[in-house]
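[1] please find the sequence and the predicted model below.
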Amino acid sequence: MAIITSTDADHLDIYGHQEALIESFRQFVGQIQPGGTLIINHTADPSVAAAAPAGVRVVRYGLSPEQGPELYASHITAQGHTFRFALHGPQGAVDALELAVPGHHNVENMLAAACVAQAYGLTSEQLRAAVAAYRGVKRRFEFIVTAGSPEQPHVYVDDYAHHPREIEAFLRSLRTLYPGRRLRVVFQPHLFSRTRDFAPGFAESLSLADQVVLLDIYPARELPMPGVTSELILSQITATEKSLQTKEEILRNAETNANFDVLATVGAGDIDQLVPRLKNILNIRWNGAEA
């Protein structure tokens, strides 16, 4: 059994172009043994599912039946940090699933994982218990500080998202959890090539926030590219408040600028170095004491 969650263009510094990336997925799918199953997101490139060998069952999944998948969710609601939903799939429906890792993208991921579990014989009761017990992984919708009341929450969340669609899914989920609250996002672009290739997509997704702060690009394995800086993204962001800042400026502004309810740090570089210091600053501001 294999799961493919996305075939969006990424890591083009390695693959060169999107068609080479898609071909790698086709090769992967071609290795599934007859009698096996491919569980694939309905947004994936159609040629990937078409590459499944004869005798391999293909199950497409998505968030709603309107998207046309065989595996989907219904009755999705958010309460606190928990997303509740029902699963509908080839092996029947399971209601009253409760996922403590928020986000519609995480509901999608859980649909695929639960489909595998069903195929291997887990009962509805076992699935409910397993989904409820799942607590996620570090730096994926990780709640760092929570304070305030349900009516006036103060929240700091950290996430590893470093692709435009990941960021969009993360920020839309924050908007679902905290409607009407003022959202500040601190983002560190990862790789010069990714910034060059996806600057408009980054700008569009980050513009879902009220305030956007960008760090310099984290180079990782790359050398600088002429003309490729965080300004490529910043210039296209439509949020009314946007700026380029250093880590120290971000920390100072967190101490003095209280004009936000929800803070998110986002990126795959060394932005996680900010997390413990921001945690202490916001705990003092919101909870009156260090963590």
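    Received, thanks.
[2] and Val29, how many neighbours does it have?
    Around Val29 there are 22 other residues, counting by other Cβ atoms under 10 Å. C-beta here means a position set from N, CA and C on the backbone, and glycine is covered the same way.
[3] tell me where the stretch 1-150 of the chain has strands.
    2-4, 37-41, 57-62, 71-79, 82-89, 92-99, 142-148 (DSSP state E, counting those that start in this stretch).
[4] and the contacts of the worst-scoring helix or strand of the chain on mean pLDDT?
    Within the chain, no helix or strand scores below helix 12-15, which has a mean of 82 by mean pLDDT, DSSP states H and E. Contact partners of helix 12-15, identified using Cβ atoms under 8 Å, 6 or more residues apart in numbering, comprise 18, 21, 24, 191, 193-194, 197, 221-222.
[5] give me the buried subset of those.
    The neighbour-count test (16 or more other Cβ atoms under 10 Å) marks 21, 191, 193-194, 197, 222 as buried among the contacts of helix 12-15.
[6] which stretches of this structure have low pLDDT?
    For the chain, the stretches with pLDDT under 70 are 290-291.
[7] do that again at 80, thanks
    12, 67, 258, 289-291 (pLDDT under 80).
[8] which parts of it are helices?
    12-15, 18-29, 46-50, 104-119, 124-133, 164-177, 192-206, 231-234, 247-256, 275-282 (DSSP state H).
[9] what about Ala199, neighbour count?
    21.
[10] please look at it and Leu234 and confirm they touch.
    No. Using Cβ atoms under 8 Å, Ala199 is not in contact with Leu234, being 9.4 Å away.
[11] identify the contacts common to those two.
    If you check Ala199 and Leu234 against Cβ under 8 Å, 6+ apart, no residue is contacted by both.
[12] out of the buried ones among the contacts of helix 12-15, which is nearest to Val157?
    Closest to Val157 out of these is Arg194 (22.2 Å), distances taken as Cβ to Cβ.
[13] that closest one contacts His162, correct?
    Yes. If you go by Cβ under 8 Å, Arg194 and His162 touch, sitting 7.3 Å apart.
[14] spit out the residues that contact these two alike.
    When contacts are counted by Cβ under 8 Å, 6+ apart, Arg194 and His162 have no shared neighbour.
[15] report how many residues lie close to the residue lying closest to Pro65 once chain neighbours are set aside.
    Once flanking residues are discounted, Pro65 sits nearest to Tyr72: 5.1 Å by Cβ to Cβ, 6 or more residues apart in numbering. Using other Cβ under 10 Å, Tyr72 has 22 neighbouring residues.
[16] gap between Tyr72 and Leu127?
    Separation of Tyr72 from Leu127 (Cβ to Cβ, to the nearest Å): 16 Å.
[17] surely Leu127 and Val94 touch.
    Yes. Leu127 is within contact range of Val94, at 5.4 Å (criterion: Cβ under 8 Å).
[18] keeping just the C-alphas, turn the least confident helix or strand of the chain into CSV.
    Taking Å, rounded to 0.1, in the frame of the first residue of the first chain, the C-alpha atoms of helix 12-15 are listed here in CSV:
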residue,chain,number,x,y,z
LEU,A,12,13.1,21.8,-8.2
ASP,A,13,16.7,22.4,-7.3
ILE,A,14,17.0,18.6,-7.3
TYR,A,15,14.6,17.6,-10.0
